[in-house]
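Undergrad: Output the structure for:
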Amino acid sequence: MFTCYNLSMIAYLKGKILQKTTQYLILEQNGLGYKVLVTPETLEQPLGSEIALYIYHKSGDDGQTLFGMPDFDGLQFFELLISVTGVGPKMALTIISSSKIDILQQAIINQDSDVFTRMSGVGKKTAERIILELKNKMTGGILMSAGGSSSDLFDALISLGYNPREVRDVVTKVDDTLDTSTQIKEALKLITKS
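TA: Next comes the predicted model:
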């Protein structure tokens, strides 16, 4: 008897765009071509250009599919979306393709289902389910900035042993234009004052 495990081994790819269609591109890395489903924004990159993608590797009865995000925050949000009952990887990619991640996160926190129902293939029930299942899963209830600095700051303070509730309050008060090490210093000053 033989046991088969679902191993998602590909997590990151960097290479040249060999070909592209309206839904995917073929990324060449070390002589191998990977078919990766990506957002329309990523497809705007010209043929021959080098790109890096964070990968969600889906294995199933219908084969293996790679979904690529240009940054790690995008991948994390994609994985949050597919954790919602009834939202698969293709719908999650459609959602991410339809709006900026910070707008989607804000819609979840503000419980604004209209942002989702305006998207192709997302009905009222699915939009409400996304909000219901994700409103408490946002990184401590804070928005991750496009550069990930709020997320990095939050993670750094948690790893130092601070309470998530306390960290959440402090992170919102720190200037997100500062580099991460300066943000941490500012946050620690705020924590010691409270």
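Undergrad: List the contacts of the nearest residue to F116 once chain neighbours are set aside.
TA: Residue nearest to F116 in three dimensions, not counting chain neighbours: A127, with 3.6 Å by CB to CB, 6 or more residues apart in numbering. All C-beta spots, glycine's among them, are computed from the backbone N, C-alpha and C. Residues near A127 by CB atoms under 8 Å, 6 or more residues apart in numbering: 113-117.
Undergrad: Which among these count as buried?
TA: 113, 115-116 (16 or more other CB atoms under 10 Å).
Undergrad: circling back to that earlier point, could you export the contacts of A127 as a markdown table, including distance to T180?
TA: Shown next, in a markdown table, are the contacts of A127 (distance: CB to CB, whole Å):
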| residue | distance to T180 |
| --- | --- |
| S113 | 34 |
| D114 | 34 |
| V115 | 29 |
| F116 | 31 |
| T117 | 36 |
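Undergrad: for those residues, which one is nearest T177?
TA: V115 (26.0 Å; CB to CB).
Undergrad: and the closest one, that one's in a helix?
TA: Yes. Counting by DSSP: H, G, I helix; E, B strand; the rest coil, V115 is located in a helix.
Undergrad: ok, so what distance separates F154 from E166?
TA: 11 Å (CB to CB, to the nearest Å).
Undergrad: ignore the last one, D61
TA: Applying CB to CB, the value for D61 to E166 is 46 Å.
Undergrad: Show me where this structure has its strands.
TA: Taking DSSP state E as the criterion, the chain carries its strands at 12-20, 24-29, 32-37, 50-60, 63-69.
Undergrad: Residues touching the longest one, excluding its own?
TA: Residues outside strand 50-60 that contact it (CB under 8 Å, 6+ apart): 6-17, 27, 36, 38, 42, 45, 64-72, 74-75, 78-79, 82, 89.
Undergrad: in its sheet, what does that strand sit against?
TA: Sheet pairing of strand 50-60 (DSSP bridges) gives strand 12-20 (antiparallel), strand 63-69 (antiparallel).
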